[in-house]
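Novice: sequence isn't available, so here's the structure alone:
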């Protein structure tokens, strides 16, 4: 029988698995839509694939949330890794919309299963040695490793597209395909690392069976959870407005995440040149995102939390409009980096406003509702914006999407009035 892991051993494994999980993502995060359109898909079809992934996550996120507790963190995490490997190689060989759609479903299922088991395993392992110990510092380092891994992966992606090693070896093809194949292979590395490094005590069969039954019961309660969230939105108008912001923010996200690579390809003249540029641009984007999160704290101190959220939302939307108007690649990249910084700036104030409207008994429901509305809004918006791009052009779609996103600023007004009313109340004696 092997000895249980120490907290320090678990910490090192958490860091390593974070790198193996997110480094491959950097290889494809900026070029995915270029890969899809380069293999014959229309912009509408490529955007619809993002909707399919989002809807799969939406449908499975709540039903799968209890399975890691039921059957163990390791089996669920390894199962997620298997789906990730299949999806990765599926992406490497997909040539039709149907094949890409299958990959999109597998990716959504992977992300639904992947979101939580590793962190839960780490916290459980630490608490087995040091009950109740805080893990905020370790999780903060994990977040830094996540962003850094994606950034380095994006840089490697740009280098692979630029070097095009397959063509140099006498196998000419689409320059972006090499990065996709490396992504798929590295997903296998992550799967092996997951199977080897994640170790937890075996639960008694009866205990596990009982917990599995509880997990199935919780999965069946998904409609009830959604229903309770809807009822909560009906009685809390400020919360309803905050959640409705996602209906506008998600459209802006389609512009600066999905359409930006295609517009860069249009300006540069080829997917290969766009792929080379997107590597360092995506890497810089993650650093800019972090800078925007830091700016959120400064803005909240000066203009209030609601004011900071409104400012970031407005500037993010205007940045998306400018991206559509940009006439050259340099202007597009600069506008993209500015837009992404405001994307980072909006996250913390928006979350803080949600927490103000939540209570201990409904906090998880509030956060789930906000996330679910975001997934649904993106799923609906992506093919619509893609269709507009196919018919009216990328620039028109980007300007319209950015302008629509700007309307979301108005939905922060109830939270701002509420914030001012709270500030005007006399302090308790």
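Specialist: Arrived safely. What you see is a predicted model, and the numbers here were worked out from it, not measured in a lab. Numbering: from 1, shown residues only.
Novice: any idea which element the closest residue to residue 182 other than its chain neighbours lies in?
Specialist: Distances taken as C-beta to C-beta, 6 or more residues apart in numbering place residue 27 nearest to residue 182, at 5.8 Å, with adjacent residues excluded. (C-beta placed from N, C-alpha, C; glycine too.) Using DSSP states H and E, residue 27 falls within helix 7-28.
Novice: pull the distance from that helix to the chain's centre.
Specialist: Distance of helix 7-28 from the chain centroid (C-alpha atoms, centre = their mean, to the nearest Å) equals 17 Å.
Novice: give the contact list for residue 14.
Specialist: Contact analysis of residue 14 by C-beta atoms under 8 Å, 6 or more residues apart in numbering lists 118-119, 122, 138, 142.
Novice: before we move on, the earlier item: buried residues, the helix holding residue 27. List them.
Specialist: 7, 10-11, 13-15, 17-28 (16 or more other C-beta atoms under 10 Å).
Novice: likewise stretch 122-137?
Specialist: Of the residues in stretch 122-137, 122-123, 125-126, 135 count as buried by neighbour count, 16+ other C-beta under 10 Å.
Novice: tell me which of those fall in helices.
Specialist: 122-123, 125-126 (DSSP state H).
Novice: my read is that residue 320 contacts residue 257, right?
Specialist: No - here residue 320 does not reach residue 257: they are 10.1 Å apart, not a contact under C-beta atoms under 8 Å.
Novice: more neighbours, these two?
Specialist: Taking neighbours as other C-beta atoms under 10 Å, residue 320 and residue 257 compare with residue 320 leading, 32 against 21.
Novice: what about the more buried one, distance to residue 138?
Specialist: For residue 320, the distance to residue 138 equals 35 Å [C-beta to C-beta, to the nearest Å].
Novice: so which pair among the ones in helices among the buried residues of stretch 122-137 is furthest apart in space?
Specialist: For these, the farthest-apart pair by C-beta to C-beta is 123 and 125; their separation is 7.3 Å.
Novice: ok so, going back, dump the residue contacts of the residue nearest to residue 182.
Specialist: Going by C-beta under 8 Å, 6+ apart, residue 27 touches 153-154, 156-157, 160, 179-180, 182-183, 186.
Novice: in three-state terms, label residue 41 for me.
Specialist: Recorded secondary structure, residue 41: coil (DSSP: H, G, I helix; E, B strand; the rest coil).
Novice: how much space separates residue 128 from residue 6?
Specialist: Taking C-beta to C-beta, one finds residue 128 at 9 Å from residue 6.
Novice: what do you get for residue 177?
Specialist: Distance of residue 177 to residue 6, computed by C-beta to C-beta: 43 Å.
Novice: chain center to stretch 398-416, what's the gap?
Specialist: From the chain centre to the centre of stretch 398-416 is a distance of 21 Å (C-alpha atoms, centre = their mean).
Novice: any buried residues in that stretch, and which?
Specialist: The neighbour-count check on stretch 398-416 (16+ other C-beta under 10 Å) flags 398-406, 408-409, 411-412, 414-416 as buried.
Novice: restricted to helices, list these.
Specialist: Short answer: the buried residues of stretch 398-416 in helices (DSSP H) are 398-406, 414-416.
Novice: angle of the longest helix along the chain against helix 7-28?
Specialist: For the chain, the helix with the greatest residue count under DSSP H is helix 271-325. Taking axes from the mean of the first three to the mean of the last three C-alpha atoms, to 10 degrees, one finds helix 271-325 and helix 7-28 inclined to each other by 90 degrees.
Novice: for the record, mean pLDDT for helix 271-325?
Specialist: Averaged over helix 271-325, pLDDT sits at 88.
Novice: equivalent analysis for stretch 384-394, please.
Specialist: 93.
Novice: contacting residues around it?
Specialist: 42-48, 251, 254-255, 258-259, 262-263, 266, 324, 396-398, 400-401.
Novice: can you list the domains in the protein?
Specialist: Using automatic domain parsing, the domain ranges for the chain come out as 1-220, 222-418.
Novice: residue 424: which of those domains is closest?
Specialist: domain 222-418 (10.6 Å).
Novice: and the helix or strand that the longest helix of the chain is followed by with helix 271-325, angle?
Specialist: The helix or strand immediately downstream of helix 271-325 is helix 329-357, counting by DSSP H and E. Relative orientation of helix 329-357 and helix 271-325, computed by the same axes, to 10 degrees: 60 degrees.
Novice: for helix 329-357, list every residue counted as buried.
Specialist: Buried residues in helix 329-357 (16+ other C-beta under 10 Å): 329, 332-333, 335-346, 348-354, 356-357.
Novice: give the buried residues for stretch 116-123.
Specialist: Of all the residues in stretch 116-123, those buried under the rule 16+ other C-beta under 10 Å are 116-119, 121-123.
Novice: which one of those residues is nearest residue 223?
Specialist: Checking those one by one against residue 223 (C-beta to C-beta), the nearest turns out to be residue 116, at 21.3 Å.
Novice: confidence score at the closest one?
Specialist: Residue 116 carries a pLDDT score of 75 in this model.
Novice: surely residue 135 and residue 125 touch.
Specialist: No - assessed by C-beta under 8 Å, residue 135 is found out of contact with residue 125, at 10.0 Å.
Novice: now do the helix or strand containing residue 374 and helix 329-357, the angle between them.
Specialist: Taking DSSP H and E as the criterion, residue 374 maps to helix 363-392. Angle, helix 363-392 to helix 329-357, by the same axes, to 10 degrees: 150 degrees.
Novice: list the contacts for residue 126?
Specialist: 7, 10-11, 133, 135, 138.
Novice: chain neighbours aside, what residue packs nearest to it?
Specialist: Nearest-residue entry for residue 126: residue 7, 4.4 Å, with adjacent residues in sequence omitted and distances by C-beta to C-beta, 6+ apart.
Novice: ok so, going back, among the contacts of stretch 384-394, the buried ones, what's the ChimeraX command?
Specialist: Applying 16+ other C-beta under 10 Å to these leaves a buried subset, and the ChimeraX line that selects it is:
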select :43,44,45,46,47,48,251,254,255,258,259,262,263,266,324,397,398,400,401
